[in-house]
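> Here is a sequence with its predicted model. Questions after.
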Amino acid sequence: MSAHTPRYRLADRVVHKNESIRTHMLSLAAGLQGVIALGRGDPDLPTPAHIIKAGQEALEAGATHYTPPQGLPELRKAICAKLHRENELAYTPEEVIVTTGAQEGIYVALLALLNPGDEVLVTSPGYTSYHQAVELAGGVAVPVPIYQKDNFALTAEAVRAKITPRTRILCLINPSNPTGSVTPRTELEKLAQLAIEHDLMVISDEIYERIVFDGHMVTSFASLPGMKERTITLNGFSKAYAMTGWRVGYMAAPRELIAVMSEIHHGLTICAPAMSQHAALAALAGPQQCVEEHRQVFSERRAFFRRFLDKLGLTYGEPQGAFYLYTNVSALGMRASEFCLWLLQEARVMVFPGTLFGDHNDDFVRISLLQPMPKLHEAADRMTQAIAKLAG
Ligand code: PLP
């Protein structure tokens, strides 16, 4: 028997086209000292103390076993109360599944709904896990372009142009990752009309819903007339409560679908981590001031970095929500992917190109504001110096 490394025969659908630049950048960064990472989507702020305490107490009290697959009944009840209070949504605990992060919900929903060749509309740029999940579920991801001139708002007109007899699902991420745009209610109403006309299901990912600025409001898609029956709402604790590592999110949907999705969820992860569910319950039941405090921190960082980009003469989509600045670097005479590699080497600042988010053109970078203010100042100084060299 030879000890050769076997040649793995991969399924075609798992070959992911855009990842190579991310891998390349991460390995470059690993060899550099003092890189300031403005690429990731993981809040740098700590999980609030009362939530950590609830997780610790749960562990000590023996929450180290499986929970009911759909999630702790008291957590599902608290989720329903939240959806009612904040989102004008009326769900019962039987219509909710607690998932291992909203990420799992994406897969569960698409695995439940797709047959081979079914088409799913996803924004370009967008959160690429959707593209990947669609492909793994045997569907076809159809990009719907969104443009800087529209402040990256998804328009019903662009969606309509991509609908075919095979279209089954529209994926909405509101507020958007990577652009931070919030789809206005008027546009959501037009999308609701399209969903009825073309018998579409909608996956509404509202994970950034509580991080909005300048009075922008997120309308939960399922709260629009007639949409509850057609919508799977995804949400979670990672962004609002800085709980990415706890891995807990949830989905709300019509009961008939929940029955099918519960089976898939059970097959994938059995249940979300027990201690994390207790922590999530504390997040919902406890004081909400921490969410506002985090939002304020992001708001200050956003204001600072916007002023910096304005000074550089770089444009970006008006960030109405989330914690990203989707920035056009074409004025610097480079493709965005080239710029990211250059910036990493020249300034030791890491941002990711829009192509990693399925962008149809290579002009944008996503800058995430998930570093403390002194680091953002330092990143801005380094970027200024590097860009000055370009001009010279
Ligand atoms: N949905 C969107 C739009 C995201 O940006 C992310 C993470 O960045 C997720 C879902 C996954 O969130 P979670 O940590 O709850 O799995």
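Received, thanks. From a predicted model like this one, the values you see are computed outputs, not experimental measurements.

> Flag the shaky bits of the stretch 1-150 of the chain, pLDDT-wise.
Where the stretch 1-150 of the chain drops to pLDDT under 70, the residues are 1-3, 14-19.

> OK, now which residue of it is nearest to the ligand?
As assessed by C-beta to the nearest ligand atom, the ligand sits closest to residue 101 within the stretch 1-150 of the chain, at 2.4 Å. All C-beta spots, glycine's among them, are computed from the backbone N, C-alpha and C.

> my guess is that residue meets residue 245, correct?
No - applying C-beta atoms under 8 Å, one finds residue 101 not in contact with residue 245, separated by 9.8 Å.

> how about the residues of the chain near the ligand?
41, 101-103, 127, 173, 177, 205, 207, 236, 238, 244, 249 (C-beta under 6 Å from any ligand atom).

> Please report phi then psi for the most centrally placed residue in the chain.
Relative to the mean C-alpha position of the chain, the nearest C-alpha, by C-alpha atoms, centre = their mean, is the one of residue 177, at 5.1 Å. Per-residue torsions, residue 177: phi -110, psi 120 (degrees, to the nearest 10).

> try residue 142
Per-residue torsions, residue 142: phi -110, psi 110 (degrees, to the nearest 10).

> What count of nearby residues applies to it?
Neighbourhood size, residue 142 [other C-beta atoms under 10 Å]: 20.

> unless I'm mixing things up, it is touching residue 169, no?
No - Residue 142 is beyond contact range of residue 169, at 9.9 Å (criterion: C-beta under 8 Å).

> Find the pair from the residues of the chain next to the ligand with maximum spatial separation.
Farthest-apart pair in those is 173 and 244; separation 16.8 Å (C-beta to C-beta).

> the more surrounded of the two?
Comparing residue 173 with residue 244 by other C-beta under 10 Å, the one with more neighbours is residue 173, at 24 against 17.

> re earlier: which one of residue 101 and residue 245 is surrounded by more residues?
Counting neighbours by other C-beta under 10 Å for residue 101 and for residue 245 shows that residue 101 has the greater number, 24 against 11.

> What does the more buried one show for phi and psi?
Per degrees, to the nearest 10, the backbone of residue 101 is at phi 80, psi 160.

> do the same with residue 366
For residue 366, the backbone dihedrals are phi -100, psi 120 (criterion: degrees, to the nearest 10).

> got a list of what it touches?
Applying C-beta atoms under 8 Å, 6 or more residues apart in numbering, we find residue 366 in contact with 39, 178, 324, 325, 326, 327, 351, 352, 353, 354, 356, 357.

> Try it again at 7 Å.
178, 324, 326, 351, 352, 354, 357 (C-beta atoms under 7 Å, 6 or more residues apart in numbering).

> pretty sure the first one contacts residue 323?
No - in terms of C-beta atoms under 7 Å, residue 178 does not count as a neighbour of residue 323; the distance is 10.5 Å.

> Looking at the two, which one has more neighbours?
Neighbours were counted for residue 178 and for residue 323 using other C-beta under 10 Å; residue 178 has more, 29 against 26.

> sec struct for that one, please.
coil (DSSP: H, G, I helix; E, B strand; the rest coil).

> Next, it: phi, psi?
Main-chain torsions, residue 178, degrees, to the nearest 10: phi -100, psi 0.

> separation between it and residue 358?
Distance, residue 178 to residue 358, using C-beta to C-beta, to the nearest Å: 9 Å.
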